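Q: need a 3D model of the following:
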Amino acid sequence: MIQRMDTPLFPLHVVLFPGSAMPLHVFEPRYRALMERVLSDDRRFGVLAIRRGREVGGYADTFRIGTIAVVEQVQRAPDGSMAIIVTGHERFALDVRLPDDPYPIGEVTILDEQPGEHPSKELPSARAAVNRYLSVSARVHGDDVVAPTLPDDAVASSFALASTLTLDLPERQRLLEAPDAANRLKLVAELAKREALLLEAVGPSVGRPTDAVSLN
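A: Model prediction:
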């Protein structure tokens, strides 16, 4: 594990998985200040899902496990706001939440990613369950099926499959927090099968967040 001290934190109503891209609209003054620091440094900051609280205008209680985001693209607006695109990299654990002055900040530990026991045995069932879920979702919503292209690495594949599922935030956080790839793939298969059955039985949930875009 690698210790990273004094890491800027961006609490969001979103779970960012390693390997996934995410757009952000940064307009609140404290997060604009955070982003100026990030852009002048290594373009890295921590994304943590909010457990209780709001993204804008106050303190937000977050989960402890998050993902380091790296800024890939920035588009500045005349009013000082920014439209950015980030990609998720390694996971981290928040050790100490420091005072939000002027923006959230904390001491974090980068987590070692473990494959777990026999992830290659879990991968086919997880992939099949996700492909069926995507097929049912496409039929229900009238969309095209887009099956994820999986990398060779089991850990990266587990995150790629997890990111395809449209789930409530706590369940996405469960997937992020899984201790290793094998356990994450088991959970992906379980949730994908459940969601496919629900879609077939009752149709899409109304108002369920997709984690596609977050406004700070």
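
Q: on the three-state scheme, the residue located most distally from the centre of the chain is what?
A: Going by Cα atoms, centre = their mean, the residue of the chain most distant from its centre is residue 78, 29.1 Å out. What DSSP: H, G, I helix; E, B strand; the rest coil gives for residue 78 is coil.

Q: after whichever helix or strand residue 8 is part of, which helix or strand is next? Please name it.
A: Per DSSP states H and E: residue 8 is located in strand 2-12. Toward the C-terminus, strand 2-12 is succeeded by strand 21-26 as the next helix or strand (DSSP H and E).

Q: need the contact partners of the next helix or strand after that next one.
A: Of the helices and strands lying after strand 21-26 in sequence (DSSP H and E), the nearest is helix 29-40. For helix 29-40, contacts defined as Cβ atoms under 8 Å, 6 or more residues apart in numbering pick out 8, 10, 26, 44-45, 71, 74, 80-82, 84, 100, 102-104, 216. Yep, even glycine has a C-beta here, placed from its N, CA and C like the rest.

Q: do the same with stretch 160-176
A: By Cβ under 8 Å, 6+ apart, the surrounding residues in contact with stretch 160-176 are 13-15, 17, 19-20, 49, 63, 65-67, 91, 126-127, 130, 133-134, 137, 148-151, 184-185, 187-188, 191-192, 195, 208-211.

Q: one more: stretch 113-120?
A: If you take Cβ under 8 Å, 6+ apart as the criterion, stretch 113-120 is touched by 90-91, 154-155, 158, 179-183, 185.

Q: same thing with stretch 130-147?
A: For stretch 130-147, the external contacting residues (Cβ under 8 Å, 6+ apart) are 148, 161, 164-166, 188-189, 192-193, 195-196, 199-200, 203-204.

Q: one more pass at 7 Å, please.
A: With contacts defined as Cβ atoms under 7 Å, 6 or more residues apart in numbering, stretch 130-147 is touched by 161, 164-165, 188, 192, 195-196, 199-200, 203-204.
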